[in-house]
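generate a structure from the sequence data that follows.
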Amino acid sequence: MGLLDSLKARCSPATNRISGLAKEHGDKVGRGIDKAAHMVDEKTKGRYSDRIHMGTDRAKNAVDRLAHKDDGTGSPPPPPAS
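Model (predicted):
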């Protein structure tokens, strides 16, 4: 067994737990991401709005990927059109 295989085997329980939590609390995480993005955008007075928006979308997409990892579909729903 290679190094990566043993690493995957050791991380599998944690990955499954994180996936379950993302599925259960994904909406709360999304609201928290939005709230943090809004606060940062206010503090920077809108100078980095495009970057903040892009980072927010990526973070939400990552949570969606984690939430849909173990449901057998293999892929999350498509991202919303911007």
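
name the next helix or strand downstream of the lengthiest helix in the chain, please.
Secondary structure assigned by DSSP state H gives helix 3-43 as the longest helix of the chain. Using DSSP states H and E, the helix or strand that follows helix 3-43 towards the C-terminus is helix 49-67.

can you give me the buried ones in that next one?
Neighbour counts over helix 49-67 (16 or more other CB atoms under 10 Å) mark Ile52, Thr56, Ala59, Lys60, Val63, Asp64, Leu66, Ala67 as buried. (C-beta placed from N, C-alpha, C; glycine too.)

mind listing what the first one touches?
Neighbour list for Ile52: Ala37, Val40, Asp41, Thr44 [criterion: CB atoms under 8 Å, 6 or more residues apart in numbering].

now it: how far from Gly30?
Per CB to CB, to the nearest Å, Ile52 is found 15 Å from Gly30.

what's the answer for the last one, then?
Applying CB to CB, the value for Ala67 to Gly30 is 10 Å.

low-confidence bits of this structure, can you list those?
1, 69-82 (pLDDT under 70).

ok, the buried residues of helix 49-67 vs Ser6, which is closest?
Leu66 (22.3 Å; CB to CB).

excluding its backbone neighbours, what's nearest that closest one?
Nearest residue to Leu66 in three dimensions, chain neighbours excluded: Ala22, at 3.9 Å (CB to CB, 6 or more residues apart in numbering).
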